[in-house]
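A.B. asks: sequence? don't have it. structure:
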C-alpha cells in the first residue's frame, strides 16, 4: 500500500516536472512580437547643422526624434535657418534622403522679401520650392 | 495733449508707410530658383500704389541690396484693381514696377466717380496719369487724363 502511494507521488512529480519543462520550452521558442530598433534616438533641446541643396541649414528643436537613418522629427517648437530663409514652426518632419521638410502646424517664414505666416509648409529643397497650403499672409518689405 | 499727439503721429506714419502684402486663400508657392511667388484662390496683392484682387497671381522678384523686390506681378481671372478712386476690372492684368504701368486684357472696365468705360485692353500709366483703352477690333479709344490735364 505504501509502495503504491510512493509510486503515485513519483508519477505525479514526474508529470509536473515534464509539464514545467514543456512550458519552459514553449516560452523560449515563442516568436517575439516586440521590435527592437536601436536607431530610435531622442535628444532634448537639440540643434545641429545639415548640408543640403540650399547649403548649410541650421536646425533645432525642443526635442529631436531620429526615426531612422533618413528621417528625423523635430518635436515641439522647432526651426530651420539658412542663408535664404528662417522657418519657425513646430513638429517638423525632415526626410534627409529626399531633402524634404514639412509640417502641418502653423509656421512663420522670414526671408529677404518679408514675413510669411501660413498653416503649414512643405519644403522640397531639390526643387528650390516651398509650398504653403491654406490661408497665407505675406507682409512684404516692398 | 501728448496722447493726441501720439495718435496723430501714428496715423501719419501709418499712412506714409502703406503696408505691402500678399494674401492667398488657397496656397502660396515660393520658387527661389525661378525667383517668383505663385498664389492661388482669393488672392490679394497690395503695394504703395494699388490693391489688386484675383484668383491667381504670379509675382516675379529680383534681389536688390540684399532685399527681394517685386518687378512684375501677373494677375489671372476675375481681376479687380483699386487705384485711388478708380476701379479696373478685367480677365488678366500685368503690373511692371520699372515703368509703373498696369495693363489689363479681356472684358476690361474702368469705373470712376464720373464715368464707366469698357473695352478689350487697358493700359494705365500710373506715373503719367494716363489711360489708354482699346476696343477688341484694335480701334483705339485714347483717354489722356486726368486731374493734371483737366485744366489744360
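C.D. replies: Sure thing, it's come through. Here the structure is a predicted model, which means the values were calculated and not measured.

A.B. asks: Can you show me the helices along chain A?
C.D. replies: Under the criterion DSSP state H, helices of chain A are mapped to A:2-29.

A.B. asks: Hmm, I typed the wrong one, I wanted chain B.
C.D. replies: B:2-16, B:147-150.

A.B. asks: lowest-confidence stretch among the ones you listed?
C.D. replies: When the helices of chain B are compared by mean pLDDT, helix B:147-150 comes last with a mean of 46.

A.B. asks: Around chain A, pick out the residues from chain B.
C.D. replies: B:19-33, B:37, B:39, B:47, B:61, B:63, B:66-70 (Cβ under 8 Å from any Cβ of the partner chain). All C-beta atoms are positioned from the backbone trio N, CA, C, and that covers glycine.

A.B. asks: Excluding sequence neighbours, find me the nearest residue to the residue most central in space within chain B.
C.D. replies: Nearest residue to the geometric centre of chain B (Cα atoms, centre = their mean): residue B:50, 4.4 Å. Among residues not flanking residue B:50 along the chain, residue B:83 sits closest, at 4.3 Å (Cβ to Cβ, 6 or more residues apart in numbering or on different chains).

A.B. asks: quick one, what contacts that neighbour?
C.D. replies: When contacts are counted by Cβ atoms under 8 Å, 6 or more residues apart in numbering or on different chains, residue B:83 touches B:49-50, B:102, B:124, B:126.

A.B. asks: worst-scoring helix or strand of chain A, pLDDT-wise?
C.D. replies: The helix or strand of chain A with the poorest confidence is strand A:41-52; it has a mean of 76 (mean pLDDT, DSSP states H and E).

A.B. asks: And the contacts of that one?
C.D. replies: A:56-66, A:74, A:94, A:96, A:99, A:125.

A.B. asks: Could you pick out the longest strand of chain B?
C.D. replies: strand B:67-83 (DSSP state E).

A.B. asks: do the same with chain A
C.D. replies: Determined from DSSP E, the single longest strand within chain A is strand A:55-68.

A.B. asks: What's the local residue count around residue 94?
C.D. replies: If you meant another chain, say so; for now it's chain A. Residue A:94 has 26 neighbours, counted by other Cβ atoms under 10 Å in any protein chain shown.

A.B. asks: was after chain B, sorry
C.D. replies: 16.

A.B. asks: Hmm, it is touching residue B:73, no?
C.D. replies: Yes: using Cβ atoms under 8 Å, residue B:94 is in contact with residue B:73, at 7.1 Å.

A.B. asks: Just give the closest residue to residue A:134, not the sequence neighbours.
C.D. replies: Nearest one to residue A:134, counting by Cβ to Cβ, 6+ apart, is residue A:119 at 3.9 Å.

A.B. asks: That neighbour contacts residue A:135, doesn't it?
C.D. replies: Yes: with contact defined as Cβ under 8 Å, residue A:119 reaches residue A:135; the gap is 6.3 Å.

A.B. asks: can you list residues touching both of these two?
C.D. replies: Common neighbours of residue A:119 and residue A:135 (Cβ under 8 Å, 6+ apart) do not exist.

A.B. asks: my guess is residue B:27 meets residue A:133, correct?
C.D. replies: Yes: at 5.0 Å, residue B:27 counts as touching residue A:133 under the criterion of Cβ under 8 Å.

A.B. asks: Quick check on residue 113: phi, psi?
C.D. replies: You didn't pick a chain, so chain A it is. phi -90, psi -30 (degrees, to the nearest 10).

A.B. asks: nope, chain B please
C.D. replies: phi -60, psi -30.

A.B. asks: Domain-wise, how is chain A divided?
C.D. replies: A:1-30, A:41-140 (automatic domain parsing).

A.B. asks: tell me the most buried of those domains?
C.D. replies: domain A:41-140 (a mean of 17; mean count of other Cβ atoms under 10 Å in any protein chain shown).

A.B. asks: first vs last residue of it, how far apart are they?
C.D. replies: 40 Å (Cα to Cα, to the nearest Å).
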